[in-house]
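1. Predicted model and sequence below, questions to follow.
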Protein chains: 2
Amino acid sequence: MPQNKQIQLDNRPDGEAVVGNFKLLISDTPALRDGQVLVRHHFLSLDPYMRGRMNDSKSYAVPQELGQTMGGGTVGEVLESKNAKFAAGDKVVGMGGWQEYSVVDADQPGALRKVDTTHIPLSAYLGAVGMPGVTAWYGLVKIIEPKAGETMVVSAATGAVGSAFAALSKARGCRTVGIAGGPDKCKYAVDELGFDACIDYKLHKDAASLSKALKEACPKGIDGYFENVGGMVLDAVLTRMNAFGRIALCGMIAGYDGTPMPLTYPALLLVNRLKVQGFIVSEHMEVWPEALKELGTLVATGKLKPRESIAQGIEAAPEAFLGLLKGKNFGKQLVKLI
Amino acid sequence: MPQNKQIQLDNRPDGEAVVGNFKLLISDTPALRDGQVLVRHHFLSLDPYMRGRMNDSKSYAVPQELGQTMGGGTVGEVLESKNAKFAAGDKVVGMGGWQEYSVVDADQPGALRKVDTTHIPLSAYLGAVGMPGVTAWYGLVKIIEPKAGETMVVSAATGAVGSAFAALSKARGCRTVGIAGGPDKCKYAVDELGFDACIDYKLHKDAASLSKALKEACPKGIDGYFENVGGMVLDAVLTRMNAFGRIALCGMIAGYDGTPMPLTYPALLLVNRLKVQGFIVSEHMEVWPEALKELGTLVATGKLKPRESIAQGIEAAPEAFLGLLKGKNFGKQLVKLI
């Protein structure tokens, strides 16, 4: 059996997460038992929710245990199988974690899924045609419920969720405005992802200034907002929401370090009769088939061309992950493991 | 025609509202034109939303104009009618404003409605069987959507909305916990209004302390919250909400003076996948018949016995209103005008 490099959580962050919270281990992959499959990972997905799991505090996710391999989505190829449903060479998506190989009890529901790479690249199953894509789909379709002609806004616009959100929102006839950090990301959002406009939040020192920029980009106000960030951005968006607007709360990256991020004017929720709803896409498995079908078609037909930031080798995962939390990535953050 | 005393908005509050914002005027009631009805008001309703209208800033309600009679709900008796649908002696509910008499264009939809006082006292049409009752009904039934066995919490528990909420929530098999100010109100909430428990927020200096009290009163956590207050109370309740909890935002009295009331931990909305929704009951007229039917039955059968705070005479309205904003009332605040 091949040797396996893996990254474990060694200790919990005290405030900001640092490289020292992780440690690298090398071990042999165990021999397969009946029903198991050995998968060689081609890509590991890095996602903001992982930061929440590094804390021991109450969160929607079970805390990552110390001394265990960090959890995470992976795509790869079956090397060896003792399960009738999988054969060597199958391309698969699963939750293999921060490591090069995983041994999977493939009869467990949802543990491993075969995917077709004829028209869709394997890595897309970790992004646009995977959890981030379905996250965008659920927030837009099930919480925001957009109508043609309305204005939709998404923060972290060039990320995996934001880029899928743009394609889905445009397909529904909505004006679609992004918020991202830096001129390169904003240009990319408009030129490649189909956003009607994109605001560089780094040009704005406070919510009032960002609010003015939103007014220009959203002349008819904002009807739907997909929240990936929290803090100042949410404060600014709230000042531009139209009556009966809907906000899907998916991530609040800025708050994972334990710094409270107050919402300055919650009274606006009442004044404008807004709906705000938090969700976690893994609790809504019933929508995945419908969502993946639409997302797969968008990718296969070239209407959704998400960008990827790729780090090389499992040793690079901690630095890449910390960069993601600071917005250093540009598009879906992956680690290439082959 | 009789002389009419009325209270106008003379100038807008600079921060806290004061008696000097109002002025008393005496005028003759005008002669009736065709289609009009002269109503003598028996009771005027005082409600927190009126404070929002005193500001000139953007709000859900159109600002109250300076030099005009303060708006407000009234019940009374028709004295004289030039409208075929109304006759002298009819008991009616309408939006007569802060005055003793009103002349109503009774053909306008919703301007004046006849009510039956056989089993329901006239004043109840301003409270439990009126706008506050329907407000409680809408928030509970349409936003919170309670299930039997769940735990519901309401702030301003002994007010017109809170008392109706308790009766409606108990009728649906929910543990029902109130938050109110002072031992008298809390005792009354449990003894007379049917609350399972009531917390005196004045005993708690911060959200952490109030959160502990909520944990005791709601051992299974909170599934639905009807928000009348905002600020510290909302912060505390958020820490006790169960996953998939629902919050109906109806009032944020503490914020009307222009003091921002930040929400300290909005990330809890995501962590617990909560839904928060603001609403104004007057925008949902379609539910009024169903809601009033249930509320009328609860009052007529003695299952909802709301308390009233009654000020005497139109001259007393400003003081009574300012007291309401500070929680000095005990039950539905009315002004008796006969």
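-> Great, that's in hand. Residues are numbered from 1 along each chain as shown, chains lettered A, B, ... in the order given.

2. Could you use CA atoms for every contact and neighbour count after this?
-> Will do.

3. Nearest residue to the most centrally placed residue in chain A in space, please, no chain neighbours.
-> By C-alpha atoms, centre = their mean, chain A has its centre lying nearest to residue A:132, at 4.1 Å. Sequence neighbours aside, residue A:161 is the residue nearest to residue A:132 in space, at 4.9 Å (criterion: C-alpha to C-alpha, 6 or more residues apart in numbering or on different chains).

4. The one you found contacts residue A:135, doesn't it?
-> Yes: using C-alpha atoms under 8 Å, residue A:161 is in contact with residue A:135, at 6.7 Å.

5. So the two - more neighbours on which side?
-> Set residue A:161 next to residue A:135 and count neighbours by other C-alpha atoms under 10 Å in any protein chain shown: residue A:161 wins out with 29 against 26.

6. did I read that right, that one in a helix?
-> Yes: inclusion of residue A:161 in a helix is indicated when DSSP: H, G, I helix; E, B strand; the rest coil is applied.

7. Quick one: residues contacting it.
-> Counting by C-alpha atoms under 8 Å, 6 or more residues apart in numbering or on different chains, residue A:161 touches A:127, A:128, A:132, A:133, A:135, A:136.

8. again, only using 7 Å
-> Under the criterion of C-alpha atoms under 7 Å, 6 or more residues apart in numbering or on different chains, the neighbours of residue A:161 are A:132, A:133, A:135, A:136.

9. Which SSE is immediately downstream of the strand or helix carrying the second one?
-> In this structure, residue A:133 sits in helix A:131-137 according to DSSP states H and E. Using DSSP H and E, the next helix or strand after helix A:131-137 towards the C-terminus is strand A:151-155.

10. got any ranges where the stretch 101-250 of chain A has weak pLDDT?
-> For the stretch 101-250 of chain A, no stretch is flagged by pLDDT under 70.

11. For chain B, give me its nearest residue in it.
-> residue A:249 (6.0 Å; C-alpha to the nearest C-alpha).

12. who touches the residue nearest to that residue when sequence neighbours are not counted in this structure?
-> Spatially, and ignoring its direct neighbours in sequence, residue A:249 is nearest to residue A:278 (4.4 Å; C-alpha to C-alpha, 6+ apart). By C-alpha under 7 Å, 6+ apart, the residues touching residue A:278 are A:248, A:249, A:250, B:269, B:270, B:273, B:274, B:275.

13. got it, and residue A:199?
-> Counted by C-alpha under 7 Å, 6+ apart, residue A:199 has contacts A:178, A:179, A:180, A:186.

14. beta partners of residue A:335?
-> residue A:44, residue A:311 (DSSP bridges).

15. Which residues of the stretch 201-338 of chain A lie near chain B?
-> A:249-250, A:252, A:260-267, A:269-279 (C-alpha under 7 Å from any C-alpha of the partner chain).

16. Now do the strands in the stretch 1-150 of chain A.
-> In the stretch 1-150 of chain A, the strands defined using DSSP state E, counting those that start in this stretch lie at A:3-9, A:22-28, A:36-45, A:74-81, A:91-94, A:101-105, A:112-114.

17. same thing with the stretch 151-300 of chain A?
-> Going by DSSP E, counting those that start in this stretch, the stretch 151-300 of chain A shows strands at A:151-155, A:175-180, A:197-200, A:222-227, A:241-249, A:275-278.

18. okay, these in TSV with distance to residue B:96 next?
-> As requested, the strands of the stretch 151-300 of chain A are exported to TSV (distance: least, C-alpha to C-alpha, whole Å):
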stretch	distance to residue B:96
strand A:151-155	39
strand A:175-180	43
strand A:197-200	48
strand A:222-227	35
strand A:241-249	27
strand A:275-278	32
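
19. Residue A:29 reaches residue A:3, doesn't it?
-> Yes: contact criterion C-alpha atoms under 7 Å: residue A:29 and residue A:3 qualify, at 6.0 Å.

20. how about the helix holding residue A:133 as CSV, C-alpha atoms only?
-> Extracted C-alpha coordinates of helix A:131-137, given in CSV (Å, rounded to 0.1, in the frame of the first residue of the first chain):
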residue,chain,number,x,y,z
MET,A,131,-20.9,22.0,-2.6
PRO,A,132,-20.1,25.6,-3.4
GLY,A,133,-22.3,25.6,-6.5
VAL,A,134,-25.2,24.0,-4.6
THR,A,135,-24.7,26.5,-1.8
ALA,A,136,-25.2,29.4,-4.3
TRP,A,137,-28.1,27.6,-5.9
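
21. Helices of the stretch 151-300 of chain A, start to end?
-> Using DSSP state H, counting those that start in this stretch, the helices found in the stretch 151-300 of chain A span residues A:160-171, A:183-191, A:207-217, A:232-238, A:267-271, A:288-300.

22. would you turn those into JSON lines with distance to residue A:25?
-> Shown next, in JSON lines, are these (distance: least, C-alpha to C-alpha, whole Å):
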{"stretch": "helix A:160-171", "distance to residue A:25": "29"}
{"stretch": "helix A:183-191", "distance to residue A:25": "35"}
{"stretch": "helix A:207-217", "distance to residue A:25": "44"}
{"stretch": "helix A:232-238", "distance to residue A:25": "39"}
{"stretch": "helix A:267-271", "distance to residue A:25": "48"}
{"stretch": "helix A:288-300", "distance to residue A:25": "34"}
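
23. closest one to residue B:154 among those?
-> Closest to residue B:154 of those is helix A:267-271 (C-alpha to C-alpha; 16.2 Å).

24. Flag every buried residue along the closest one.
-> A:267, A:268, A:269, A:270, A:271 (16 or more other C-alpha atoms under 10 Å in any protein chain shown).

25. would you list those in a markdown table and tack on pLDDT?
-> Formatted as a markdown table, those follow (pLDDT from 0 to 100):
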| residue | pLDDT |
| --- | --- |
| A:267 | 83 |
| A:268 | 87 |
| A:269 | 90 |
| A:270 | 87 |
| A:271 | 85 |
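
26. What is the nearest of those residues to residue A:291?
-> Distances from residue A:291 to the buried residues of helix A:267-271, taken by C-alpha to C-alpha, are shortest for residue A:269, at 29.1 Å.

27. Point out the most buried one among the helices of the stretch 151-300 of chain A.
-> Mean neighbours per residue, mean count of other C-alpha atoms under 10 Å in any protein chain shown, is largest over the helices of the stretch 151-300 of chain A for helix A:160-171, with a mean of 26.

28. before we move on, the earlier item: filter the residues of the stretch 201-338 of chain A next to chain B to the buried ones?
-> A:249-250, A:252, A:261-267, A:269-279.

29. So chain A: which segments form each domain?
-> A:3-127+A:306-336, A:131-282 (automatic domain parsing).

30. deepest of the ones you listed, which one?
-> It is domain A:131-282: most buried of the domains of chain A by mean count of other C-alpha under 10 Å, with a mean of 22.

31. First-to-last residue distance for that one?
-> Using C-alpha to C-alpha, to the nearest Å, one end of domain A:131-282 lies 8 Å from the other.

32. now it, how far from the centre of its chain.
-> 14 Å (C-alpha atoms, centre = their mean, to the nearest Å).

33. Could you do stretch A:69-86 as well?
-> For stretch A:69-86 - counting by C-alpha atoms, centre = their mean - the centre lies 21 Å from the chain centre.

34. what does it contact?
-> A:6-9, A:32-46, A:64, A:87-98, A:106, A:122-123, A:126.

35. averaged over its residues, what pLDDT does it have?
-> For stretch A:69-86, the mean pLDDT works out to 97.

36. and that stretch, C-alpha only, in CSV?
-> Taking C-alpha atoms only, stretch A:69-86 is exported to CSV below (Å, rounded to 0.1, in the frame of the first residue of the first chain):
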residue,chain,number,x,y,z
THR,A,69,-6.8,14.4,9.8
MET,A,70,-8.5,17.7,8.8
GLY,A,71,-11.8,17.0,7.0
GLY,A,72,-12.5,18.3,3.5
GLY,A,73,-13.9,17.5,0.1
THR,A,74,-11.8,15.6,-2.4
VAL,A,75,-11.9,14.3,-5.9
GLY,A,76,-9.8,11.5,-7.2
GLU,A,77,-9.5,8.1,-8.7
VAL,A,78,-10.2,4.6,-7.3
LEU,A,79,-6.9,2.7,-7.1
GLU,A,80,-8.2,-0.5,-5.6
SER,A,81,-11.7,-1.7,-4.6
LYS,A,82,-13.2,-4.3,-2.4
ASN,A,83,-16.7,-2.9,-3.2
ALA,A,84,-18.8,-4.2,-6.1
LYS,A,85,-20.0,-0.7,-6.9
PHE,A,86,-16.6,0.8,-7.6
